[in-house]
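**Q** Need coordinates for the below:
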Amino acid sequence: MKVVRIIARLNVGGPARHVIWLTEALDDEEFRSVLLTGTVPEGEEDMSYFAAENSVDPVYIPEMSRELSPKDVVSLWKVFERLRREKPDIIHTHTAKAGSVGRVAGFLYRWLLWKDVKIVHTFHGHVFHSYYGKLKTSVFLLIERVLARVATDRIVVISERQRAEICEDFGVGRAEQFAVIPLGIELTQFSAAESKRDLLRQEIGAADDEILVGFVGRLTEIKNIPMLLAAAAKVSPDKRLRFVIIGDGHLRSELEELTRELGIGSTVTFLGNRNDSGTFYAGLDLVALCSLNEGTPLTLIEAMANGKPFISTEVGGVGDLAGKLVGQFTDFAVCERGVTVKSGDVDGFVAGLEYLAGNIKLQIETGARGKRFVEENYSRERLVSDIRELYRELTAGERRTA
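**A** Model prediction:
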């Protein structure tokens, strides 16, 4: 059975790892997988190396990238031609741009050539708020509603809250189209975390009594890193917090300048992109996220895999990761596996961060619960098994058109 998987670009982040793992694992006696991808724009790190490490050889369509462009017509034609060549049983698109181009190409392939093909789309997040202005967002929402109706057999989301938001709040798709399939990660890379704890601390010269608070991710607007820096400027000095920004992006120079303006250069370190997640997570004490919009943030899953407690704005699927409410405070909430605050609430973030940093018992308990939760629910093997079963269900009893 042939699967053509499509993603707009293999830039640093969870979606790229997700599609590469699926392409590698679902290329066996039962499935043959082909990965189509576009170009990574300047200012973002290319993860083609990760594809090579996993023996995945993507088919590149240079005209396909993240932003809307006249080149989209060319990329649509090239994707369509590739579908004609590969003759897939399943077309599986990932992320918004590839979801649009890939599903339109799949619709044309299905109806112009009378091919029996199933079309699946995965929302790793969505662009229905906090990305663009009202008009542009409305256009994207209309496109998604139309595509869900006419060119999608199954919509995959990565958390229950994301399903409710996309289907019920924004009216995209029908309830019966949705399948909730959480992310999966390679857990073995974090197996020796305790033995690596001092490596990052020694690298940045952290004192033994300093608590390292780490952000991991792309330096883009949606991550709202200025909120984290504003919080770093407000925390009490006697808490001994030191902040580490791991990742890169087009906002880096702007964020470094903001750090200088806030007078927190001595407590904030920018490390850029790193490929040693098994090392840098081990050196962190807490993981922080201030996003305006998320699907299910990979950084929080990886933090929990390392037994690290987290504090995050409660957006998208973050609530599913944090779990049940344990204690409600005025400005923040303590949950089973982390602390959450309202989006954009700097003072609430500071209060929650200081509370978490000063409560060793809470750190140990939430970290331990998070580690168990990820090991039971977010393995790479479980992800592959769930997608395999989805494909089997979609194609059960179907006969291919020659």
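**Q** so where is the stretch 151-300 of the chain shaky, pLDDT-wise?
**A** The model of the stretch 151-300 of the chain has no residue with pLDDT under 70.
**Q** Tell me where it has strands.
**A** 154-157, 178-180, 211-216, 241-246, 268-272, 286-289 (DSSP state E, counting those that start in this stretch).
**Q** Redo those as CSV? Include distance to S75.
**A** Backbone N, C-alpha and C define where each C-beta goes, glycine included. Formatted as CSV, the strands of the stretch 151-300 of the chain follow (distance: least, C-beta to C-beta, whole Å):
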stretch, distance to S75
strand 154-157, 22
strand 178-180, 27
strand 211-216, 31
strand 241-246, 32
strand 268-272, 30
strand 286-289, 32
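**Q** Mind putting those into a markdown table with mean neighbour count and distance to L394?
**A** A markdown table is the format used below for the strands of the stretch 151-300 of the chain (neighbours: other C-beta atoms under 10 Å; distance: least, C-beta to C-beta, whole Å):
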| stretch | mean neighbour count | distance to L394 |
| --- | --- | --- |
| strand 154-157 | 23 | 6 |
| strand 178-180 | 18 | 10 |
| strand 211-216 | 23 | 34 |
| strand 241-246 | 23 | 38 |
| strand 268-272 | 17 | 41 |
| strand 286-289 | 26 | 34 |
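**Q** Between the ones you listed, which one is closest to D345.
**A** Across the strands of the stretch 151-300 of the chain, D345 has its closest neighbour in strand 286-289 (13.4 Å, C-beta to C-beta).
**Q** T220 and R252 touch, don't they?
**A** No: using C-beta atoms under 8 Å, T220 makes no contact with R252, being 10.1 Å away.
**Q** So for stretch 84-100, what gets flagged as buried?
**A** Using 16 or more other C-beta atoms under 10 Å as the test for burial, stretch 84-100 gives 86, 88-100.
**Q** Okay, and which of those map to strands?
**A** Cross-referencing these against strands under DSSP state E gives I90, I91, H92, T93, H94.
**Q** Spell out the residue ranges of the helices in the stretch 151-300 of the chain.
**A** For the stretch 151-300 of the chain, applying DSSP state H, counting those that start in this stretch gives helices covering 160-163, 197-204, 225-234, 252-261, 277-283, 298-305.
**Q** so which of those is the most packed in?
**A** Each of the helices of the stretch 151-300 of the chain was scored by mean neighbour count; the highest is helix 298-305, a mean of 26, by mean count of other C-beta atoms under 10 Å.
**Q** Going by distance to D209, which of the buried residues of stretch 84-100 wins?
**A** T95 (42.3 Å).
**Q** quick one: the closest one and L298, what's the gap?
**A** 14 Å (C-beta to C-beta, to the nearest Å).
**Q** While we're on the most centrally placed residue in the chain, how confident is the model there?
**A** For the chain, G14 is the residue whose C-alpha lies nearest the centre (C-alpha atoms, centre = their mean; 4.2 Å). Per-residue confidence (pLDDT) for G14: 82.
**Q** Next up, the contacts around it.
**A** H124, L183, P297, L298 (C-beta atoms under 8 Å, 6 or more residues apart in numbering).
**Q** Repeat that for I387.
**A** Contacts of I387 (C-beta under 8 Å, 6+ apart): L22, L26, I181.
**Q** Doesn't it belong to a helix?
**A** Yes: counting by DSSP: H, G, I helix; E, B strand; the rest coil, I387 is part of a helix.
**Q** Of the contacts of I387, which is the most crowded?
**A** L22 (25 neighbours; other C-beta atoms under 10 Å).
**Q** which residue packs closest to A233, ignoring adjacent ones?
**A** L262 (4.3 Å; C-beta to C-beta, 6 or more residues apart in numbering).
**Q** R337 too?
**A** G370 (4.1 Å).
**Q** for V40, same thing?
**A** Closest to V40 by C-beta to C-beta, 6+ apart is D46, at 4.3 Å.
**Q** surely that neighbour meets T37?
**A** No: the pair D46 / T37 is not scored as a contact, 10.2 Å apart, by C-beta under 8 Å.
**Q** ok, K2 touching L26?
**A** No: proximity of K2 to L26 does not meet the contact threshold set by C-beta under 8 Å, at 10.7 Å.
**Q** where do the contact lists of those two overlap?
**A** S33.
**Q** coming back round to it: what is in contact with D46 and T37 at once?
**A** Contacts common to D46 and T37, judged by C-beta under 8 Å, 6+ apart, are L10.
**Q** Between the two, tell me which one has more neighbours.
**A** T37 (28 against 15).
**Q** quick one: contacts for that one?
**A** I6, I7, A8, R9, L10, V19, P58, V59, Y60, I61, M64, A98.
**Q** same check, this time on V268
**A** So V268 contacts L229, A232, R242, F243, V244, I245, T259 (C-beta under 8 Å, 6+ apart).
**Q** ok, now G272?
**A** Per C-beta under 8 Å, 6+ apart, neighbours of G272: I246, G247, D248, R252.
**Q** between those residues, which is closest to G317?
**A** G247 (19.5 Å).
**Q** What sits closest to that closest one if chain neighbours are left out?
**A** G217 (4.9 Å).
**Q** how many other residues sit next to the closest residue to Y131 other than its chain neighbours?
**A** Excluding its sequence neighbours, the residue lying closest to Y131 (C-beta to C-beta, 6+ apart) is I222, at 6.3 Å. I222 sits with 16 neighbouring residues when counted by other C-beta under 10 Å.
**Q** Distance check, I222 against S291.
**A** Taken as C-beta to C-beta, the span from I222 to S291 is 6 Å.
**Q** Could you do A52 as well?
**A** 30 Å.
**Q** cool, R85 as well?
**A** Going from R85 to S291 by C-beta to C-beta gives 39 Å.
**Q** hang on, the earlier thing: now for T95 and L298: what residues contact both?
**A** By C-beta under 8 Å, 6+ apart, no residue touches both T95 and L298.
**Q** Correct me if wrong: G344 contacts T313.
**A** Yes: applying C-beta under 8 Å, one finds G344 in contact with T313, separated by 7.4 Å.
**Q** what is in contact with these two at once?
**A** With C-beta under 8 Å, 6+ apart, G344 and T313 have common neighbours N224, M227, L292.
**Q** S75 versus the residue lying closest to E203 once chain neighbours are set aside, what's the distance?
**A** Using C-beta to C-beta, 6+ apart and skipping the chain neighbours, the partner closest in space to E203 is G283 (7.9 Å). According to C-beta to C-beta, G283 and S75 sit 41 Å apart.
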